[in-house]
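*Asks:* Give me the fold of what follows.
(one chain, ligands or ions: 2)
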Amino acid sequence: MSLSQSQTAATPEAATSEIVAQPGPWDDDPVLKVEHLTMRFGGLVAVDDLGFCVGRGDISAIIGPNGAGKTTVFNCLTGFYKPTEGMLTMTQAGGGQYLLERMPDFQISAHAKVARTFQNIRLFGGMTVLENLMVAQHNPLMLASYFTFGGILGLKHFRTAENGAVDRAKYWLERIRLLERADDPAADLPYGAQRRLEIARAMCTEPELLCLDEPAAGLNPRETAELNELLRFIRDEHGTSVLLIEHDMTVVMEISDHIIVLDYGQKISDGTPDHVRNDPHVIAAYLGVEDEEVDEVEREVETGEA
Ligand SMILES: Nc1ncnc2c1ncn2[C@@H]1O[C@H](COP(=O)(O)OP(=O)(O)OP(=O)(O)O)[C@@H](O)[C@H]1O
Ligand SMILES: [Mg+2]
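*Replies:* Numbering: from 1, shown residues only. Ligands and ions are numbered 1, 2, ... in the order given. Predicted coordinates:
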């Protein structure tokens, strides 16, 4: 049974008992450091004083029951929401630092190099597969065209940039095995292929941090295995750090270097897949047990009965 199949929410109190965050290499050279992140919607605290690091070149996952605040974290990171409190520091490989909470969304993707996909697919359905990937490269192309005049005049500088953008798009289409569908409308693709295209579109912006909101949702087992392979390729061959939100434990446990677990907006566990899998707080949150029962789960984990 996957953890997601039994996600009756635990009490908020269960999340507040002592948390053991496992120190790890992700703390030494984080591409992203989240400190004291809080997001309130009126009286609701969707994210509550959250802190974690995303290691450079790691695949990190945020997991947690429905409504735990995972997508809200992404919305804060990518400028969709302005956090109520907190500091979100992106440190690029070259040393450049960006405080994401102070930047508008278009600068977060263009300058801080953070790209994302959405929980619900957001492709341009009427555009072709290739056009979706070209639109993603709009910013560098606009610059290369000196804000369209170079494009109209057919300047060499623009043509070189345009060819580069087409090559990059083709490279990713080949990678996700959609090159032969390049001229088809994106809406005509099967669901799994649309999910892959979204990831390719994000990769065309050449991000240092790729944030994926439930990339395996709705995929069949074969497509899930292909997704795992694609994410490993992105990490290993491109050195891109990946932060994913995912309910599918076959994806999370198989490919993650580091997992952060949220419940009721608070962090209840942080560490390697093995650490998180055996953490009584996580088991309690997913099983929906009460605060006082966490100790019982802990004893069961220790005796190997859980
Ligand atoms: N714009 C908003 N206005 C008010 N409440 C919101 C808003 N966005 C999110 N919330 C609330 O914040 C909480 C966290 O929601 P969020 O979407 O971040 O959860 P999630 O962990 O991504 O859940 P799921 O696994 O179902 O996608 C929920 O109670 C949700 O209703
Ligand atoms: Mg969500």
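*Asks:* Roughly how far does the residue in the stretch 51-200 of the chain that ligand 2 sits nearest to sit from ligand 1?
*Replies:* Nearest to ligand 2, among the residues of the stretch 51-200 of the chain, is T71, at 3.1 Å (C-beta to the ion). C-betas here are computed from N, CA, C, even on glycine. Using C-beta to the nearest ligand atom, to the nearest Å, one gets 3 Å for the distance from T71 to ligand 1.
*Asks:* now do E208
*Replies:* 23 Å.
*Asks:* Now do the contacts for that residue.
*Replies:* 31, 90, 92-93, 113-114, 240-241 (C-beta atoms under 8 Å, 6 or more residues apart in numbering).
*Asks:* Weed out the non-buried ones from the residues you listed.
*Replies:* Neighbour counting over the contacts of E208 (16 or more other C-beta atoms under 10 Å) leaves 31, 90, 113-114, 240-241 as the buried ones.
*Asks:* Which members of those are positioned in strands?
*Replies:* Assignment to strands by DSSP state E places the following of these there: 31, 90, 114, 241.
*Asks:* So which bits of the stretch 201-306 of the chain are right by ligand 1?
*Replies:* Contact residues, the stretch 201-306 of the chain versus ligand 1 (C-beta under 6 Å from any ligand atom): none.
*Asks:* what about the strands in the stretch 201-306 of the chain?
*Replies:* Under the criterion DSSP state E, counting those that start in this stretch, the stretch 201-306 of the chain carries strands at the ranges 209-213, 241-245, 258-263, 266-271.
*Asks:* would you list these in a markdown table and tack on distance to ligand 2 and mean pLDDT?
*Replies:* A markdown table is the format used below for those (distance: least, C-beta to the ion, whole Å; pLDDT from 0 to 100):
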| stretch | distance to ligand 2 | mean pLDDT |
| --- | --- | --- |
| strand 209-213 | 6 | 97 |
| strand 241-245 | 6 | 98 |
| strand 258-263 | 10 | 96 |
| strand 266-271 | 16 | 95 |
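*Asks:* Switch those over to TSV; also include distance to L231.
*Replies:* TSV is the format used below for these (distance: least, C-beta to C-beta, whole Å):
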stretch	distance to L231
strand 209-213	8
strand 241-245	6
strand 258-263	14
strand 266-271	20
